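**Q** build me a structure from this.
(chains A and B)
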2 protein chains.
Amino acid sequence: MPQGVPSSVPDDGLTTRQRRRRPLLVVHTGVNKGKSTAAFGLALRQWTAGSSIAVFQFVKSAKWRVGEETALRALGDLHRETGQGGPVEWHKMGEGWSWSRKQGSEEDHADAAREGWAEIRRRLEAGAHDFYVLDEFTYPLKWGWIEVDEVVSVLNDRPGHQHVVVTGRDAPPALIDAADLVTEMTKIKHPMDAGQKGQKGIEW
Amino acid sequence: MPQGVPSSVPDDGLTTRQRRRRPLLVVHTGVNKGKSTAAFGLALRQWTAGSSIAVFQFVKSAKWRVGEETALRALGDLHRETGQGGPVEWHKMGEGWSWSRKQGSEEDHADAAREGWAEIRRRLEAGAHDFYVLDEFTYPLKWGWIEVDEVVSVLNDRPGHQHVVVTGRDAPPALIDAADLVTEMTKIKHPMDAGQKGQKGIEW
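**A** Numbers count the residues shown, from 1 in each chain, chains lettered A, B, ... in the order given. Modelled structure (predicted):
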């Protein structure tokens, strides 16, 4: 449970209230489970707070559909019908981004990833949402498809009060430097070590 | 993304299918954010899979209401009204357990914790739910209010296919030994280090 007591108070000229409302760049990295799951858990909190939520999944397969997608889309529908919570958008690279006319294919992952980032950049610069999940976004950074320096620069300069959560293994050092909150999910024990395969409701 | 390929296949006489369907004991521990959040993210997946979900929060304050509670309760209501997803129960120690006539007070946290565990034990032995979150449950274990050996024994012997997720710092070694999946949320960087206090939608 957070105690709400900062370990030090910076001399940055901000009031506590201003500092409290500062938008966060959050990175979930490390080799174990829980990076995306914890990001979608944060989306639950944001939904309750009435935030506009946008998820961008940098996954290769259109068939990849995690349980969180169905549940968060259901909450988005609930918002549209009753006004409770906030709106939810969910975009996936593998099936071709929803705003694009291109279909996903096995050939053009690098192009598709760059197209996804270009749209996220436009939305960040326009202050389009309150809460962004850039799921598995460290991979196109790692593979050099998208420039880390550009990403960090856009994130640092984003206007307004937009929270951004980035997930994936091997987060680049420049992204970690720019982040406010970085959690590494460290593996202590995993059932696949004991020969167990993934199962519905746990792994997806 | 899980690859679905176990690193070894055990000689346990189980088929892959039997092994795949084995219920999991999951522990989220460590000092950083994300332990409870990732557990509630898993609950999202379980909801989509139609599981019966029960959350037991071992928190002291009745006022403590995280955003996930509102959102997961909304999904539980949606299940009741439309049949989509699964049912959701949410029980909190601090306000007096919902099944108990006692009101929460500042005096009797140890009793309240023991009463919560007794109910969870009854439900596990009866196979009442598919997915349990025992949130902040490591604390009553750490403080000696509930016997770790009894908890491990009940968890090891639970019938049927019941997943259990336990969250909290300082998970006892016997619980970690019994678990199938243990993730430690390791702190790399936290905004409170930079003097930022918690904010709605992120910390609660």
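**Q** quick one, helices of chain A?
**A** Using DSSP state H, the helices found in chain A span residues A:16-20, A:35-48, A:67-82, A:109-126, A:138-142, A:148-156, A:173-178.
**Q** quick one: average confidence on the fifth one?
**A** Model confidence over helix A:138-142, given as mean pLDDT, is 95.
**Q** format the helices of chain A as CSV; extra columns: distance to B:H161 and mean neighbour count.
**A** In this view, the C-beta of every residue, glycine as well, is placed from N, C-alpha and C. Shown next, in CSV, are the helices of chain A (distance: least, C-beta to C-beta, whole Å; neighbours: other C-beta atoms under 10 Å in any protein chain shown):
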stretch, distance to B:H161, mean neighbour count
helix A:16-20, 43, 14
helix A:35-48, 20, 28
helix A:67-82, 17, 19
helix A:109-126, 37, 17
helix A:138-142, 33, 20
helix A:148-156, 42, 15
helix A:173-178, 39, 14
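**Q** for A:I188, which of those is the nearest?
**A** Shortest distance between A:I188 and these, using C-beta to C-beta, is found for helix A:35-48: 15.1 Å.
**Q** picking that back up, quick one: closest of the helices of chain A to B:L24.
**A** Of all these, helix A:35-48 sits nearest to B:L24, with 13.6 Å by C-beta to C-beta.
**Q** is the closest one up against chain B anywhere?
**A** Yes - legend: contact between helix A:35-48 and chain B by C-beta under 8 Å from any C-beta of the partner chain is shown at A:36-42, A:44-48.
**Q** the inter-axis angle of that helix versus helix A:67-82?
**A** Relative orientation of helix A:35-48 versus helix A:67-82 (axes from the mean of the first three to the mean of the last three C-alpha atoms, to 10 degrees): 10 degrees.
**Q** which one of the helices of chain A lies nearest to B:I53?
**A** Of the helices of chain A, the one closest to B:I53 (C-beta to C-beta) turns out to be helix A:67-82, at 10.9 Å.
**Q** pLDDT at the closest residue in space to A:R122 that isn't next to it in sequence, what is it?
**A** Nearest residue to A:R122 in three dimensions, chain neighbours excluded: A:A128, at 7.9 Å (C-beta to C-beta, 6 or more residues apart in numbering or on different chains). Per-residue pLDDT puts A:A128 at 97.
**Q** ok, now A:R158?
**A** Confidence at A:R158, expressed as pLDDT, is 96.
**Q** pull the contacting residues for it.
**A** Taking C-beta atoms under 8 Å, 6 or more residues apart in numbering or on different chains, we find A:R158 in contact with A:23, A:124-125, A:127, A:164.
**Q** that one and A:G168, how far apart?
**A** As judged by C-beta to C-beta, to the nearest Å, A:R158 and A:G168 stand 20 Å apart.
**Q** how about stretch A:52-71: buried residues?
**A** Within stretch A:52-71, the residues that count as buried by 16 or more other C-beta atoms under 10 Å in any protein chain shown are A:52-60, A:64-71.
**Q** how about that stretch as CSV, C-alpha atoms only?
**A** The C-alpha trace of stretch A:52-71 is given here as CSV (Å, rounded to 0.1, in the frame of the first residue of the first chain):
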residue,chain,number,x,y,z
SER,A,52,-9.7,8.4,-21.9
ILE,A,53,-7.7,5.1,-22.5
ALA,A,54,-5.8,4.1,-25.6
VAL,A,55,-4.0,0.8,-25.9
PHE,A,56,-1.5,0.2,-28.8
GLN,A,57,-0.3,-3.4,-29.0
PHE,A,58,2.9,-4.0,-31.0
VAL,A,59,2.1,-7.7,-31.5
LYS,A,60,2.7,-9.5,-34.7
SER,A,61,-0.4,-11.7,-34.9
ALA,A,62,-3.9,-10.6,-35.5
LYS,A,63,-5.1,-13.7,-33.7
TRP,A,64,-3.4,-12.6,-30.5
ARG,A,65,-6.2,-11.5,-28.3
VAL,A,66,-5.7,-11.4,-24.6
GLY,A,67,-8.5,-11.6,-22.1
GLU,A,68,-7.8,-8.1,-21.0
GLU,A,69,-8.8,-6.8,-24.4
THR,A,70,-12.3,-8.4,-24.1
ALA,A,71,-12.8,-7.1,-20.6
